[in-house]
Structure formats: structure tokens, C-alpha cells
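Undergrad: Show me the folded form of this:
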Amino acid sequence: MAVNIKARFYCYNVGYSGIIKNLSEKGMLISTETSYIPCGALLELFICIQEEVLHIPSRIKRIIKLPDFRSGLGIELNNPPKQYLDYLHTLECS
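TA: Here you go, the predicted structure:
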């Protein structure tokens, strides 16, 4: 599902930011200026949904180059919180 949500994530105790461009129950695509984070790296992902900051443990499944010369991180979600899944459901019903 196409979206435009700001995200903050941490990998190896270093903070990064990006924009979530697409999301689903099991993953998402984050557009970022970050040039290198290895595939398979674990992330601590934080997003603000409906005035609540959600923490979603995840890992990088793949990295692609986007048309705007930014990096696209294919993220696999590890046990997303119920609030995240509820939010997805509200988007599907809109």
C-alpha cells in the first residue's frame, strides 16, 4: 500500500531517517539517503502512527536504488505490534 510516512531507524546504534513509501503486514519499503547498511542487518524502527510512536523490530531484506538516487530498503517486519496491523486495516478500508 503506497504511503508517505516519516521513519526513524537505528542500526548498530547509529540513527537514520527515511520515508516509508510502501507498507504491508510483513514488510515495507523505506526511501533513505543512507548509502550503506548491509542486507540482513537488524533495525530498530520507529514510526509515528495516529499520534503514537510505534517500535517495530525488523531487518533489511534487500537494498535497491530508487529513481531519485536514494536507497530503497526492503524491510522485513519481525512481529509487528497490533497498533501497526490495525492501522493497515484502516488504510485498506479507506
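
Undergrad: Strand partners (parallel or antiparallel) of the helix or strand residue 19 falls within?
TA: Residue 19 is part of strand 14-23, with elements assigned from DSSP states H and E. Strand 14-23 has these partner strands in its sheet, going by DSSP bridges: strand 2-11 (antiparallel), strand 27-32 (antiparallel).

Undergrad: Rebuild those as a markdown table, extending it with mean pLDDT, distance to residue 17 and mean neighbour count.
TA: Every residue, glycine included, has its C-beta placed from N, CA and C. Formatted as a markdown table, the entries for these read as follows, by pLDDT from 0 to 100; distance: least, Cβ to Cβ, whole Å; neighbours: other Cβ atoms under 10 Å:
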| stretch | mean pLDDT | distance to residue 17 | mean neighbour count |
| --- | --- | --- | --- |
| strand 2-11 | 94 | 5 | 15 |
| strand 27-32 | 96 | 7 | 21 |
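
Undergrad: of all the ones you listed, which lies closest to residue 39?
TA: Smallest distance to residue 39 across these (Cβ to Cβ): 11.5 Å, for strand 2-11.

Undergrad: Distance from the closest one to the middle of the chain?
TA: Centre-to-centre, strand 2-11 and its host chain are 5 Å apart (Cα atoms, centre = their mean, to the nearest Å).

Undergrad: cool, stretch 83-94 as well?
TA: For stretch 83-94 - counting by Cα atoms, centre = their mean - the centre lies 15 Å from the chain centre.
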